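Engineer: Predicted coordinates and the sequence they were generated for:
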Amino acid sequence: MNNIPNSLDSIILSDKICKIEYSKKKENLNYGIFKIQREDHTIGELIQTHLLKEKNVIFSGYKQIHPLEHYIVLKIITNGVISPIEAFDLVLKDLYIEFSLLEEN
């Protein structure tokens, strides 16, 4: 019997798991929670810092629950001009453009 976790579990996403899950609070539509599977502090910090640069984002934070849990939870609060989903989408598009430019150079 071996209690060592399978190292591929941290990177391979099974068909049963969604990459990104979104939930929102009924009492506050400007507050969104994203659960991003198979990611860690690298992506969490990158997305969070870019979210904080957006003028319509009031708060952005992430956490990895435990080192053996292979997902992060990202929380976004906006000022109501855009939704948390729109803010998340804007940041991902900006990061895509930045990485494309890096790849070209």
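Structural biologist: Cool, got the structure.
Engineer: buried sites along the helix ranked longest in the chain?
Structural biologist: The single longest helix within the chain, with elements called by DSSP state H, is helix 84-104. Going by neighbour count (16 or more other Cβ atoms under 10 Å), the buried part of helix 84-104 is 84, 87-88, 90-91. For glycine as for every other residue, the C-beta is placed from the backbone atoms N, C-alpha and C.
Engineer: Next up, the contacts around the nearest residue to residue 78 once chain neighbours are set aside.
Structural biologist: Spatially, and ignoring its direct neighbours in sequence, residue 78 is nearest to residue 30 (4.8 Å; Cβ to Cβ, 6 or more residues apart in numbering). Counting by Cβ atoms under 8 Å, 6 or more residues apart in numbering, residue 30 makes contact with 58, 77-80, 83-84.
Engineer: can you name the two of those residues that are farthest apart?
Structural biologist: Using Cβ to Cβ, these span at most 12.7 Å, a distance reached by 58 and 83.
Engineer: count of neighbours near the residue nearest to residue 90 when sequence neighbours are not counted?
Structural biologist: In this structure, residue 90 finds its nearest non-sequential neighbour in residue 54, 6.5 Å apart by Cβ to Cβ, 6+ apart. When neighbours are counted by other Cβ atoms under 10 Å, residue 54 registers 19.
Engineer: you'd agree residue 54 is up against residue 89?
Structural biologist: No. Residue 54 lies out of contact with residue 89 (Cβ atoms under 8 Å); the separation is 11.0 Å.
Engineer: pLDDT below threshold where in the chain?
Structural biologist: Counting by pLDDT under 70, the ranges of the chain that qualify are 1.
Engineer: ranges for the helices of it?
Structural biologist: Under the criterion DSSP H, the chain contains helices at 41-53, 84-104.
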